[in-house]
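> the sequence and its predicted three-dimensional model are supplied below.
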Amino acid sequence: MSQFPVLLHTAIDARDCRQLGEFYRQLLGLHYREGEAPTTDGSPDDADWLVLLDEAGSRVLTVQEKRDTTPPSWPAEDVPIQMHMDFKVPTVEDLERHRERAEELGARLLYDRSQDKGEPLYVLADPAGHPFCLLVQ
């Protein structure tokens, strides 16, 4: 018996489950659980819960459909963040490369602290509006 609970995954709400799942799948190099890949025959994609796995097959992230969700308004507090994820990269060059890639995938830049000597970072919003950080560490 385990002494402590073990984190299974982080679940994120989104109006468009597939759009957000695809964003994180491509950004983080993950893959879908068997049977959850997008349709290839043109039929409607009715995904309302997607599980993203790492190369070892471990759960990392899930996306669940929530049609009435309101994106956080960071840095304003009208709609609080409640949760965000931080992704570390080894160098400033990697920071720039991953920011550009995230924006190509649909993220938008919220805050630029890339010139900070101690901990360069960007705060971006994913396509559903959830803030996340890319930082050098």
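Cool, the structure landed. Residues are numbered from 1 along each chain as shown.

> what helix or strand does the residue nearest the centre of the chain sit in?
Taking C-alpha atoms, centre = their mean as the criterion, Tyr24 is the residue nearest the geometric centre of the chain, at 4.6 Å. Assigned by DSSP states H and E, Tyr24 belongs to helix 17-28.

> ok, Arg97 next?
Assigned by DSSP H and E, Arg97 falls in helix 92-104.

> output the contacting helices and strands for that helix.
For helix 92-104, the elements it packs on are helix 17-28, strand 85-89, strand 121-125, strand 131-136, judged by 3 or more C-beta pairs under 8 Å, 6 or more residues apart in numbering; DSSP states H and E. Glycine gets a C-beta too; all of them are placed from N, C-alpha and C.

> how near is the closest residue to the residue nearest to the centre of the chain other than its chain neighbours to Gln115?
Excluding the flanking residues, the one nearest Tyr24 by C-beta to C-beta, 6 or more residues apart in numbering is Leu61, at 5.5 Å. Note on Leu61: its distance to Gln115, by C-beta to C-beta, to the nearest Å, is 30 Å.

> re the thing from before, buried ones in the helix holding Tyr24, by neighbour count?
Applying a neighbour-count criterion of 16 or more other C-beta atoms under 10 Å, one finds 17-25, 27 buried in helix 17-28.

> what is the orientation angle of that helix with strand 85-89?
For helix 17-28 against strand 85-89, the angle by axes from the mean of the first three to the mean of the last three C-alpha atoms, to 10 degrees is 30 degrees.

> who does the helix or strand following helix 17-28 pair up with?
Sequence order places strand 31-32 as the next helix or strand after helix 17-28, per DSSP H and E. Paired strands of strand 31-32, with direction, are strand 49-53 (antiparallel) (DSSP bridges).
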